[in-house]
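A.B. asks: Dropping the sequence and predicted coords here.
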Amino acid sequence: MKKIFTLIAAAMMAVGANAMEDIDLTKINGFEFGKSLTLGEWDWQGATISTGELVVDNDAKTADDSGVTYFDASAYDYIVIYYSACQGNVLLLSQYNCLGTVGQWGAEFNQESASVNATTEATYAALKLNPDLKNKINQVVLQGGAGGGSITVDAAWFMTEAEWEEVKPAPAQTKDLFGSFSATTTNGDGSKTFTETSKSYGWFGAWLDGFDASEFDYFILEIAPTSEVGVQVLIQHSAGGDDIAGVAQAGETILKVALDPERKNAIKQIGLQNIAPGSFTLTAAYFATQDYVDNMAKPTTSELAISGFNVWKEEGTETPRADFDPATGKITMGGGEQGGGGSWWFGSKDCSDFDNFVLELENTPAGGKVVVQYKDGSTDECEFGVGATAVVIPLDADKKSEIQQVWVQGNDGNSFTMTKAYFAAESATPEANIGTIENGISNIQVAKTQNGAIFNLAGQQVSKAVKGVYIQNGKKFVVK
């Protein structure tokens, strides 16, 4: 503890003696400076600021009759706390009760909040004061966020902009969100397993309540390779517009989803969904800066589980357009109006670390086609024939950060076995062997892509859009 207060004293000397104003948080129930305070989920613990002048806030310019006093922090710009430990989700809030009523939900109640980073290192957290209301502060509050948390606060002040600039720590490169997700099972190693046995696209959410992620550029999930099914991420914003979506197929161990630079200052919620019935396991979840991502160890491959391959169905039916065994990877193409096949669907997958898509096959007696489709609807593709063992498709350098799906297609009755599918850096890419095409493909039916292959939200290609939500050329549209 002596070391902590030595650090505080040194920081305060840097900004000048008696420059800040102390905030007395001991009015918080159970709070003591230097001791851990545990806060349940959305547990509101406020310290009423009872000094200052009576607020004059009505048309007659006379004092209201509530008898409430407020602290006038007009000389300051921030509430700052210095904390030596934080676990889980904790929020620092300011409360302004403009019409004189007391309590969390008073008339004209106004509050603003800042998340406190989970850390075992002593550091600062700051909440910028509302410039129009900072002369009417009623409470400074610590609150447990989603799942609750605990915090050890050693000091608290009102500070000016200049004072905060002197003491604030270097910007964090990550913001941990792992504790915000409530899992079906928390494992002995600390990982979290999410299970939905009855349907695809269950919902496991982390409520962030308009969190300002302006200093970050990505949301990142780290996923256990033992996961049974893939994961879809939806990042929802307080402002309107489409949500950002990203998909990691079963077998992939990391998913990076770029944040919308125009809306990342108000992120409402992050949802995780299983893309098939079953379980997936997270080992980490966090926001990250571009610098952090640039310095991450670059993988040489990102493998897709063969079992994550989704066979297309005839439009409006449950009739599959291929016979597929996920255990062996063997696929036999069906016919129908649109031909047979299926795909790995991503929505928008960032493959910036890789150069090629690779599909490895058993020495095949029949041909087919592999297509990489980008979010703008354009494609790169490669046919393969009898004897093919490795199809390699170079990724478009300008579009590989937004890959929508990879599909495999073939003639009615053609049968082959997919043994491995992955994105690869050049150094990890095998030599291509696409077999003898002349004896393989005769007439593959491939949907047009440049002018709008249409897919439903399950990634299934359809010949036309009926009532519902669809994706064409990388954009959602609704048919009513």
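C.D. replies: Ah, there it is.
A.B. asks: List the residues that contact residue 226.
C.D. replies: Counting by CB atoms under 8 Å, 6 or more residues apart in numbering, residue 226 makes contact with residue 281. Just so you know, the C-beta spots here come from the backbone N, C-alpha and C atoms, and that holds for glycine as well.
A.B. asks: Would you agree it falls within a helix?
C.D. replies: No: in this structure, residue 226 is coil, not part of a helix, as judged by DSSP: H, G, I helix; E, B strand; the rest coil.
A.B. asks: roughly how far apart are it and residue 333?
C.D. replies: 31 Å (CB to CB, to the nearest Å).
A.B. asks: Please spell out which residues along the host helix or strand of residue 151 are buried.
C.D. replies: Using DSSP states H and E, the element containing residue 151 is strand 137-159. Using 16 or more other CB atoms under 10 Å as the test for burial, strand 137-159 gives 137-159.
A.B. asks: Then stretch 324-332?
C.D. replies: So for stretch 324-332, counting by 16+ other CB under 10 Å, buried means 324, 326, 329, 330, 331, 332.
A.B. asks: Tell me which two in these are the farthest apart.
C.D. replies: Taking CB to CB as the measure, those reach their widest spread between 326 and 332, a distance of 13.4 Å.
A.B. asks: What sits closest to residue 175 if chain neighbours are left out?
C.D. replies: With sequence-adjacent residues excluded and distances taken as CB to CB, 6 or more residues apart in numbering, residue 175 is closest to residue 287, at 4.2 Å.
A.B. asks: hang on, isn't the one you found packed against residue 174?
C.D. replies: Yes: contact criterion CB atoms under 8 Å: residue 287 and residue 174 qualify, at 6.4 Å.
A.B. asks: For those two, list the residues in contact with both.
C.D. replies: Common contacts of residue 287 and residue 174, defined by CB under 8 Å, 6+ apart, comprise residue 216.
A.B. asks: of these two, who's got more company?
C.D. replies: residue 287 (24 against 16; other CB atoms under 10 Å).
A.B. asks: got the contact list for the more buried one?
C.D. replies: Neighbour list for residue 287: 174, 175, 177, 213, 216, 218, 219, 220, 259 [criterion: CB under 8 Å, 6+ apart].
A.B. asks: then stretch 416-426 to PDB, C-alphas only?
C.D. replies: What follows is stretch 416-426, C-alpha atoms only, in PDB (Å, rounded to 0.1, in the frame of the first residue of the first chain):
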ATOM      1  CA  PHE A 416     -15.200 -36.200 -54.300                       C
ATOM      2  CA  THR A 417     -13.800 -36.000 -50.800                       C
ATOM      3  CA  MET A 418     -12.600 -32.700 -49.200                       C
ATOM      4  CA  THR A 419      -9.900 -33.500 -46.600                       C
ATOM      5  CA  LYS A 420      -8.800 -30.000 -45.600                       C
ATOM      6  CA  ALA A 421      -9.800 -26.400 -46.200                       C
ATOM      7  CA  TYR A 422      -7.900 -23.300 -45.100                       C
ATOM      8  CA  PHE A 423      -6.600 -19.800 -45.700                       C
ATOM      9  CA  ALA A 424      -2.800 -19.800 -46.000                       C
ATOM     10  CA  ALA A 425       0.200 -17.500 -46.200                       C
ATOM     11  CA  GLU A 426       2.400 -18.000 -49.200                       C
END
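A.B. asks: Return the distance of residue 305 relative to residue 414.
C.D. replies: With CB to CB as the criterion, residue 305 and residue 414 are 23 Å apart.
A.B. asks: So between these two, which is more surrounded?
C.D. replies: It is residue 414, of residue 305 and residue 414, that has more neighbours when counted by other CB under 10 Å, with 22 against 18.
A.B. asks: before we move on, back to that, elements contacting the next helix or strand after the strand holding residue 151?
C.D. replies: On the C-terminal side of strand 137-159, the closest following helix or strand by DSSP H and E is helix 161-167. Packing partners of helix 161-167 (3 or more CB pairs under 8 Å, 6 or more residues apart in numbering; DSSP states H and E): helix 2-15, strand 78-97.
A.B. asks: How far off centre is helix 161-167?
C.D. replies: 31 Å (CA atoms, centre = their mean, to the nearest Å).
A.B. asks: Mind listing the strands the next helix or strand after it pairs with, and their directions?
C.D. replies: With elements assigned by DSSP H and E, the helix or strand that comes after helix 161-167 is strand 174-176. Sheet pairing here is set by DSSP bridges, and for strand 174-176 it gives strand 278-288 (antiparallel).
A.B. asks: circling back to that earlier point, and of the buried residues of stretch 324-332, the nearest to residue 76?
C.D. replies: Looking across the buried residues of stretch 324-332 and measuring by CB to CB, the closest to residue 76 is residue 326, at 61.3 Å.
A.B. asks: So the closest one is in contact with residue 309, correct?
C.D. replies: Yes: using CB under 8 Å, residue 326 is in contact with residue 309, at 6.9 Å.
A.B. asks: what residue ranges in the stretch 101-250 of the chain score low on pLDDT?
C.D. replies: The stretch 101-250 of the chain contains residues with pLDDT under 70 at 101-110, 117.
A.B. asks: from the chain's centre, how far out does stretch 401-411 sit?
C.D. replies: 24 Å.
A.B. asks: do the same with stretch 129-139
C.D. replies: 32 Å.
A.B. asks: list the buried ones in it?
C.D. replies: 129, 130, 133, 134, 135, 136, 137, 138, 139.
A.B. asks: same thing with stretch 178-187?
C.D. replies: Residues of stretch 178-187 classed as buried: 178, 179, 180, 181, 183 (neighbour count, 16+ other CB under 10 Å).
A.B. asks: Repeat that for stretch 340-360.
C.D. replies: The neighbour-count check on stretch 340-360 (16+ other CB under 10 Å) flags 340-351, 353-360 as buried.
A.B. asks: among those, which are in strands?
C.D. replies: Using DSSP state E, the members of the buried residues of stretch 340-360 that fall in strands are 340-349, 356-360.
A.B. asks: and residue 126, what element?
C.D. replies: Going by DSSP H and E, residue 126 is part of strand 123-128.
A.B. asks: List the strands paired with that strand, with their directions.
C.D. replies: strand 78-97 (antiparallel).
A.B. asks: picking up where we left off before, export the buried residues of stretch 324-332 to JSON lines and append columns for pLDDT, secondary structure and distance to residue 408.
C.D. replies: JSON lines is the format used below for those (pLDDT from 0 to 100; DSSP: H, G, I helix; E, B strand; the rest coil; distance: CB to CB, whole Å):
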{"residue": "324", "pLDDT": "92", "secondary structure": "strand", "distance to residue 408": "10"}
{"residue": "326", "pLDDT": "89", "secondary structure": "coil", "distance to residue 408": "13"}
{"residue": "329", "pLDDT": "92", "secondary structure": "coil", "distance to residue 408": "11"}
{"residue": "330", "pLDDT": "93", "secondary structure": "strand", "distance to residue 408": "12"}
{"residue": "331", "pLDDT": "93", "secondary structure": "strand", "distance to residue 408": "7"}
{"residue": "332", "pLDDT": "92", "secondary structure": "strand", "distance to residue 408": "12"}
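A.B. asks: With distance to residue 24 added, can I get the residues you listed in CSV?
C.D. replies: Below are these laid out as CSV (distance: CB to CB, whole Å):
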residue, distance to residue 24
324, 67
326, 62
329, 66
330, 71
331, 69
332, 75
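A.B. asks: And these, which is closest to residue 40?
C.D. replies: Proximity of the buried residues of stretch 324-332 to residue 40 (CB to CB) peaks at residue 326, which lies at 43.2 Å.
A.B. asks: Find the residue closest to that closest one in space, skipping its chain neighbours.
C.D. replies: Residue nearest to residue 326 in three dimensions, not counting chain neighbours: residue 307, with 3.8 Å by CB to CB, 6+ apart.
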